[in-house]
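>>> Fold the following for me, if possible:
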Amino acid sequence: MNAHPSELALVALALRDDTWLDRFEEDRIEFSGTVRRVVETMHGLKAKHGCAPDVPALRHVLKDNEAALSLIEDARCTDVQWAAYDMHRDAVRAERIKLAVFELTARYGILNDPFAVDDPETVVERLSADIARLAESLAIGKRDTVQDGRGMVMAYLDELESRSKQPISTGFQEVDNLTGGGFRPGQMIIIGAYTGVGKSALLTAMASWMTSQKNYTPGIKPAVPVLIISIEMTAGEVEARILARETGIPMETLMSMRKIEEMESWRQKSLLAQQKEHSEKATLFCDDSPDTNAGRLRSMIRRQVRINHVRVVFIDYIQLLRTDRRENRVQELDDLSRELKVIAKELNVTIICLAQLSRSASKDDRKPRLSDLRESGGLEANANIVILLSRRSPEEGEGTYEDTGVMPLLLDVAKNRAGRIGEVKLGFNGETMDYEERA
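Numbering: from 1, shown residues only. The predicted structure follows:
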């Protein structure tokens, strides 16, 4: 039996728990030879009987395939931990990349082993660059995509039809008014603020509003599936912030089991009811992996759009994303923001990125400007909408933050390609992670 050890380990996992078969599909793992035959048979048996494919059933279907029977027996005896899944998945992918490149090199008569010195990622990156250059040279002289007057009119009518569809409400009426009803698919939006102003809380407030079933009419205005990619917070912290906003229970209480147990019984019931609603509804998803790069981002968003029909993606925050490039940081962020804009248009989703503003600008005690977007002018250039969040002086009747616990904030729609710019006054309650609009 010539199966790769990691392929064998993945088959062993699937024999113990058939839910791994769904994971294989989600991660688009390509098996080879006999392993592929066995995995396909397991999928077929599960689809037919609606339950886990057991070893005797597999043996019966594959009784004439000695290699498959041998592989099943080896997998059955293989000791593998579920926590090792990612390692084995990546190893299988690397092996498939090697085989694919060897096929290409054989096809073009390249006999040297490209992996003798470099790893698979480097080889594929170089090969992709060479293929891209070949594709560009082949495109010379072919019809380009420049539109004539008729084509531009048709594009304009398509745009009108697209914009007439229901926009995605932000949860803030004045922001919706400025943006023509809310955010739209294909847009890349930047929300910039200094550290500690409350931009992560703004993210969770918007996500809570968009995913809440209470704000939509079933069959007419469905809740919006949202993906939060949080490099700064854990999924548990994201959930705690949303629970604080929706229940009115202070964040400090929600982060302490002792304080939760000391709450009044009606508050505990409210918390349990909200947790139950979150568990049952499939509209909010969170990835809190600290090791997120542009390539992983694209595949993750694509998978969530396909499987969970995600329409809005929040990223907290863009300067924490890394790229595989080795240029200076400004160029990296320019390329990254351009990549996110392409993903938004390609997958027809709304991507909302949080961004840090320059620390030096915060010392000037002034309202932030577009030029304060930290480390990159590309963030401003590539965004459809730029929102800047900052503190403001309390007005008459509002009271101070020390007295009320509500921080006066200014939300400035500083750039809007398809709408108006303007300012919205907010009050932020740091205890319950909630915002309210002020006249």
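>>> show me where the stretch 51-200 of the chain has strands.
188-193 (DSSP state E, counting those that start in this stretch).
>>> Quick check: which ranges of it have low pLDDT?
Across the stretch 51-200 of the chain, the ranges flagged by pLDDT under 70 are 51-53, 107-117, 130, 132-148, 158-165.
>>> What residues sit buried inside stretch 38-45?
Buried residues in stretch 38-45, counted by 16 or more other Cβ atoms under 10 Å: 38-39, 41-43, 45. Glycine gets a C-beta too; all of them are placed from N, C-alpha and C.
>>> Please convert those to a markdown table, extending it with distance to residue 310.
Formatted as a markdown table, the buried residues of stretch 38-45 follow (distance: Cβ to Cβ, whole Å):
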| residue | distance to residue 310 |
| --- | --- |
| 38 | 32 |
| 39 | 27 |
| 41 | 32 |
| 42 | 28 |
| 43 | 25 |
| 45 | 31 |
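>>> export stretch 341-351 as PDB, just CAs?
Output of stretch 341-351 as PDB, limited to C-alpha atoms (Å, rounded to 0.1, in the frame of the first residue of the first chain):
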ATOM      1  CA  LYS A 341     -11.100  45.000  -2.500                       C
ATOM      2  CA  VAL A 342     -10.700  42.300  -5.200                       C
ATOM      3  CA  ILE A 343     -12.100  39.600  -2.900                       C
ATOM      4  CA  ALA A 344     -15.100  41.800  -2.000                       C
ATOM      5  CA  LYS A 345     -16.000  42.400  -5.700                       C
ATOM      6  CA  GLU A 346     -15.200  38.800  -6.800                       C
ATOM      7  CA  LEU A 347     -17.400  37.100  -4.100                       C
ATOM      8  CA  ASN A 348     -20.000  39.900  -3.900                       C
ATOM      9  CA  VAL A 349     -19.500  40.400  -0.100                       C
ATOM     10  CA  THR A 350     -19.100  43.500   2.100                       C
ATOM     11  CA  ILE A 351     -15.600  43.600   3.800                       C
END
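>>> Confirm for me that residue 333 is in contact with residue 318.
Yes - contact criterion Cβ atoms under 8 Å: residue 333 and residue 318 qualify, at 7.0 Å.
>>> if I look at the two, which residues touch both of them?
Here residue 333 and residue 318 have residue 379 as joint contacts, going by Cβ atoms under 8 Å, 6 or more residues apart in numbering.
>>> per-residue confidence averaged over the longest strand seen in the chain?
Scanning the chain for the strand with the most residues, using DSSP state E, yields strand 406-416. The pLDDT scores in strand 406-416 average 88.
>>> which helices and strands sit right next to the next helix or strand after that strand?
Later in the chain than strand 406-416, the nearest helix or strand by DSSP states H and E is strand 422-429. If you count contacts as 3 or more Cβ pairs under 8 Å, 6 or more residues apart in numbering; DSSP states H and E, strand 422-429 packs onto helix 173-178, strand 406-416, strand 434-437.
>>> Out of those, flag the one nearest residue 197.
strand 406-416 (6.9 Å; Cβ to Cβ).
>>> what are the pairing partners of that closest one, and which direction each?
strand 385-391 (antiparallel), strand 422-429 (antiparallel) (DSSP bridges).
>>> in the longest one, what counts as buried?
What that stands for is strand 422-429. Those would be 424-429, for strand 422-429 by 16+ other Cβ under 10 Å.
>>> Which one of the residues you listed is nearest to residue 3?
Closest to residue 3, out of all of these and judged by Cβ to Cβ, is residue 428, at 56.3 Å.
>>> And the closest one, how far from residue 199?
10 Å (Cβ to Cβ, to the nearest Å).
>>> What of residue 8?
47 Å.
>>> who's more crowded, those two?
residue 199 (21 against 18; other Cβ atoms under 10 Å).
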